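> this is a predicted model, with the sequence first.
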Amino acid sequence: MNQRDLTYAKWIGLISGAILLFAAVTEYWPASGTSLNWLTLEEARLEAGRQEKPVFVDVYADWCGPCKQMERTVFPADSVRDLLSGRFVLAKINGDDPLTGDSLKKQFGIRAYPTYIVLSPTGKERKRRVGFINKTSLVSWLSDSAGVRILSWPELNNAAMTARTLHRRIMVLVLQSGEDLEHANTMFEGQKVAEAIGKFYVPTLLVRGNSGEESLLSQIAASPRTQMSEVIVLESNGKEVGRFFIDRQMQFRSFALENKLVELAKK
Amino acid sequence: MEFRRQWTVAAFFIPIGLGALTTIMLVPMALIQPVYDFARNAAQINLSMVVPFAAALFCGGIISIDVKEGWLRTLLIRPIMRQQYLLIKLAAAFSSVVITIVVAGVIPNIAVGAFFAKGVVRYEIGPILVAHTLFLLQALLIIGLLVFFSCWMPGIFNMVLLAAWYIAAASIGSYLQSRFWSSEWLMLLRDFLFPSGFTSALEMILGNAGTPTSELAWGFAALGFSFALAFWSVTRIEVDKSSE
């Protein structure tokens, strides 16, 4: 009997080698599917309206490393490519484009590259992420349709009509960009805050950069762009009752936000 | 018998202590999370803490202690192949780690979800089973690596080496990512700094990011190689030649 027999080691090593080869082939074999069809923002908006699909916007710069890394390692992955080409109309914006870059950067409030924005078929911002995203996180982020419930708040005109019927005030939440959506959702879906809103207000949401919402923002005299989100409380006839910025204290202590909402409801 | 040898009085405190720690970590999460997702929290707690700690504590020096105390020599006097000896050691170590995962990872997660969660508690049997299967595979991988180390160096160094490998892989990986993102070869190297196929597969499954075929294949390949190295290394250990 050979106590130093190597049968197990050899067989396990051989099988592992075969699995390793399979893993390498599935991971690094060039993708055989179609490449992604990137359009300009204007073309994508038209196409999205026609197909009733959301728009995935990639804001990049030629000198940006993470943008190139996304291009090389994340977008060609099967799971990412299938999801993007199946569910979205794709648009690319070069933030350094001498003709359109500046205005688009200003419109969307772009602060860093790469920025990824999901717009609804009507052009309203739904989600935003900044920086390199690995393929798992990107697919998970794009697939996750649940969660951002403040997006289901009625639009300003409908909110005004509902407020008149229910004899309530209108609470307008002004976000500086879609990047704040998920954070704002967490704050406003907190139990006490949601109760205060349900009792006194008809809530509505405006996001800077959304098509058609700039004019509404100037109509309600929203403050100029800052780092903070703003809440403006209006009577149902549009007369302003009060406003406040969501400061750091409110972000971490929901009762401060709740107190402010109750205070303005009773003003 | 191997299993009994592992469970010294001190060893009983390992799952209990880890269980207390995981409870302390889970309670604040339960208080603030709008949805207490059992599978995601299990992934966070088990992969970051319970699995590596349990594996390190039960398997650090698993072979070297037997060599040092002469137990391996005693065993090899009998007609036992070294591979059989190693299989028994692996089975005993794996059973101990499974018990630790149950006591320190599963029970606290259920208890915290039931008694402390402020939001909705999500128990979905599919992701929970997949997550726990992948923890067990990751545990086997770490056990395989520690057994391999243990054939060549004393117990404490196994744990130090594993910890150093973890830390070095994380820091070198982020350095390469930030400085050498444009080099395809260095980016490829970054993927191989530490075997993470099972954890990547779990991330993909919990994130609904498609079928993790290649990730699982990387995981199984790494698991197989760690075992092959362990089986090879155990035949290289020199004990008293007259006993064989």
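It's in.

> would you enumerate the residues in contact with the residue in the stretch 151-267 of chain A that chain B sits nearest to?
Residue nearest to chain B within the stretch 151-267 of chain A: residue A:189 (6.9 Å; Cβ to the nearest Cβ). The way it works is simple: take the backbone N, C-alpha and C, and place the C-beta from them, glycine included. Contacts for residue A:189 (Cβ atoms under 8 Å, 6 or more residues apart in numbering or on different chains) come out as A:149-150, B:34.

> 7 Å instead?
A:149, B:34 (Cβ atoms under 7 Å, 6 or more residues apart in numbering or on different chains).

> show residues contacting stretch B:153-164.
If you take Cβ under 7 Å, 6+ apart as the criterion, stretch B:153-164 is touched by B:56, B:60-61, B:64-65, B:145-146, B:149-150.

> what about residue A:29, how many neighbours?
Per other Cβ atoms under 10 Å in any protein chain shown, the neighbour tally for residue A:29 reads 9.

> same thing with residue A:185?
Neighbour count for residue A:185, taken as other Cβ under 10 Å: 17.

> what's the answer for residue B:144, then?
27.

> once you drop chain neighbours, what's closest to it?
Excluding the flanking residues, the one nearest residue B:144 by Cβ to Cβ, 6 or more residues apart in numbering or on different chains is residue B:226, at 3.2 Å.

> helix or strand: which one has the one you found?
Assigned by DSSP states H and E, residue B:226 belongs to helix B:213-236.

> now do the helix or strand containing residue B:201: which elements does it pack against?
Using DSSP H and E, residue B:201 sits within helix B:197-206. For helix B:197-206, the packing partners by 3 or more Cβ pairs under 7 Å, 6 or more residues apart in numbering or on different chains; DSSP states H and E come out as helix B:38-45, helix B:125-150, helix B:213-236.

> identify the residues contacting residue B:29.
If you count contacts by Cβ under 7 Å, 6+ apart, residue B:29 has them with residue B:41.

> in JSON lines: the helices and strands packed on helix B:197-206, plus mean pLDDT.
Below are the helices and strands packed on helix B:197-206 laid out as JSON lines (pLDDT from 0 to 100):
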{"stretch": "helix B:38-45", "mean pLDDT": "85"}
{"stretch": "helix B:125-150", "mean pLDDT": "90"}
{"stretch": "helix B:213-236", "mean pLDDT": "90"}
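
> figure out which of those is closest to residue B:183.
helix B:213-236 (20.9 Å; Cβ to Cβ).

> any chance of the backbone angles for the residue of the stretch 151-267 of chain A closest to chain B?
Backbone torsions of residue A:189, given as degrees, to the nearest 10, read phi -90, psi 0.

> cool, and residue A:246?
The phi/psi pair for residue A:246 (degrees, to the nearest 10) is phi -80, psi 100.

> that one touches residue A:227, doesn't it?
No: the criterion here is Cβ atoms under 7 Å, and residue A:246 misses it with residue A:227 at 10.4 Å.

> who has more neighbours out of those two?
More neighbours surround residue A:246 than the other of residue A:246 and residue A:227, with 22 against 7 (other Cβ under 10 Å).

> which one is the more buried one nearest to, not counting chain neighbours?
Nearest one to residue A:246, counting by Cβ to Cβ, 6+ apart, is residue A:229 at 4.7 Å.

> show me the contacts for that neighbour.
Applying Cβ under 7 Å, 6+ apart to residue A:229 gives the contacts A:173-176, A:180, A:184, A:246.

> and residue B:2, what pLDDT?
Reported pLDDT at residue B:2 in the predicted model: 67.
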